[in-house]
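**Q** have a look at this prediction, sequence included:
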Amino acid sequence: MPDVFVSPKNESQKPVAPEEPASSVLPEESPVTEIEKSKLPGHTHSPLSAFYFYPDHIDFESRSKEEKIVLLLRQHLIVNVKWILVTILLLFVPATMAAFGVFSSLPVGFELVITMAWYLITLAYAFENFLSWFFNVYIVTNMRVVDVDFYNLIYKEVSDANLDKIQDVTYNMGGVARTIFNYGDVFVQTAAEVAEFDFVAVPNPDKVAKIIEDLITKDKRK
Amino acid sequence: MINPIFGISIWLVIKIAALLLLAMYLVFALIMVRQIRLMTSTLSLGFDAPIILLGYIHLAFAVLVFLAALIIL
C-alpha cells in the first residue's frame, strides 16, 4: 500500500486556456466595412451625436495612416440646453422693449438698427456656444487618447497620450441630470506630459472607460 | 429734441460710436470665419460645409447691419 495517494492521470483533461478578460466591448478585429460597423452599438452617422463608436468620415490633423479612430466623444447634448434657453429669451428682448415703448424717444431708424444689432449679437452668442460644443472633442484611437480644446475662438490646444502611458481610468456620474441622461466624467491618468485627461460630461462614461481599458489590454498583448 | 453741444448733434456722436462698434464687430466676424476654417482643418467631423456657411452668413449679417447703420442713422 503506497504511503501517499497519487491521483491517477486523467488523459482526457485538456490544458486550461489562459484567462480571458471579462466580456470585451471591442470587436476582435477592427471593423472595416460599413455592414460590420453598423452592427456595433453606438455607431452612428448623425453629425450632432456626442458618442461615435468607430466613426466614419471623421479625421484629425495629426492622425497617422495606420491609426484608427475607435471613439469620438463630445459633451452630452443636454449641456446645450442652458445656452439654447438663453438664446430664446434674447430673441424676445427687442419685441418686449418695443412693447414697453423704450424706442419711442429715439429718432427714426435707430429702432431698426438697434434691433438688427441685437439679433446679430444673439446669433453670435448662439453660434459661438455651438462651435465650442461641436469642436471640443475627445478622440480615442487604437494608439492614443487625444483631447482637442478650442477656447474663446482664438486659442486651440491639442494634447495626446499613448495607450501604453495610461495608468488609470476612472469615471463618475453623480447628480440627477447625469443619472437620468446617462452621462458623466471620465478621468484618464497618464505618465505622459499631460498628467490627466478629463472627458467632461460625456455620454455612457462606463462604456467609455471600458473601451479605453480594453484598448490598453489589447495594446499590451501586442 | 436734444440740443447740439458745440454745434454737434448728440445723435451724430452716437452714430459715429455705433459705426465704430459695428466696425469692430466686423473684425470679430472675420476672425470667426478664419477660426472656423482653422477648426475644420484641425478636425474633419463630417459637418464642415454647413458650419463654414453659417460663419459666412454671420459675416454677411454683420456687414448688413454696418451698412444699415451707415445709411439709416
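**A** It's in.
**Q** which residues in chain A form helices?
**A** In chain A, the segments counted as helices under DSSP state H are A:34-38, A:81-99, A:110-135, A:176-181, A:205-221.
**Q** now tabulate these in CSV and tack on mean neighbour count and mean pLDDT.
**A** (Glycine included, C-beta is placed from N, CA and C.) Output for the helices of chain A, formatted as CSV (neighbours: other CB atoms under 10 Å in any protein chain shown; pLDDT from 0 to 100):
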stretch, mean neighbour count, mean pLDDT
helix A:34-38, 13, 68
helix A:81-99, 13, 94
helix A:110-135, 18, 92
helix A:176-181, 12, 91
helix A:205-221, 18, 89
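**Q** looking at those, which is closest to chain B?
**A** Among those, the nearest to chain B by CB to the nearest CB is helix A:110-135 (4.7 Å).
**Q** give me phi/psi at A:E193?
**A** With angles defined as degrees, to the nearest 10, A:E193 sits at phi -60, psi -40.
**Q** contact partners for the residue most central in space within chain A?
**A** Central residue of chain A (CA atoms, centre = their mean): A:L73, 1.8 Å from the mean position. By CB atoms under 8 Å, 6 or more residues apart in numbering or on different chains, the residues touching A:L73 are A:50-52, A:137-140, A:199, A:202-203, A:208.
**Q** of all those residues, which two lie farthest apart?
**A** The span of the contacts of A:L73, defined through CB to CB, is set by A:I139 and A:P203 at 15.0 Å.
**Q** neighbour count winner among the two?
**A** Legend: neighbour count by other CB atoms under 10 Å in any protein chain shown for A:I139 and A:P203, higher for A:I139 (24 against 20).
**Q** need the pLDDT of that one.
**A** Looking at A:I139, its pLDDT stands at 94.
**Q** for it, which non-adjacent residue is closest in space?
**A** Leaving aside its sequence neighbours, A:I139 sits nearest to A:V146 (CB to CB, 6 or more residues apart in numbering or on different chains; 4.2 Å).
**Q** equivalent analysis for A:I212, please.
**A** Excluding the flanking residues, the one nearest A:I212 by CB to CB, 6+ apart is A:V169, at 5.0 Å.
**Q** can you pull the pLDDT of that neighbour?
**A** pLDDT at A:V169 comes out at 93.
**Q** that one reaches A:V186, doesn't it?
**A** Yes - using CB atoms under 8 Å, A:V169 is in contact with A:V186, at 6.8 Å.
**Q** find residues that contact each of those two.
**A** Common neighbours of A:V169 and A:V186, using CB under 8 Å, 6+ apart, are A:209, A:212.
**Q** in chain B, which helix or strand is least confident?
**A** strand B:43-44 (a mean of 87; mean pLDDT, DSSP states H and E).
**Q** okay, now the unreliable bits of chain B?
**A** Applying pLDDT under 70 to chain B flags the ranges B:1-7.
**Q** just the pLDDT for the spatially closest residue to A:L72 that is not a sequence neighbour.
**A** Leaving aside its chain neighbours, A:L72 sits nearest to A:Y52 (4.1 Å; criterion: CB to CB, 6+ apart). For A:Y52, the model assigns a pLDDT of 88.
**Q** how many residues are close by A:Y52?
**A** A:Y52 is flanked by 24 other residues according to other CB under 10 Å.
**Q** then B:I52?
**A** 15.
**Q** residue contacts, the closest residue to it other than its chain neighbours?
**A** In this structure, B:I52 finds its nearest non-sequential neighbour in B:I36, 5.8 Å apart by CB to CB, 6+ apart. By CB under 8 Å, 6+ apart, B:I36 lies in contact with A:131, B:51-52, B:55.
**Q** buried residues, whichever helix or strand B:I36 is part of. List them.
**A** Assigned by DSSP states H and E, B:I36 falls within helix B:10-42. Across helix B:10-42, burial judged by 16 or more other CB atoms under 10 Å in any protein chain shown covers B:11, B:15, B:18, B:22, B:25, B:29, B:32, B:35-36, B:39-40, B:42.
**Q** again, but for stretch A:54-70
**A** By neighbour count on 16+ other CB under 10 Å, the buried set for stretch A:54-70 is A:54-55, A:58, A:60, A:63, A:69-70.
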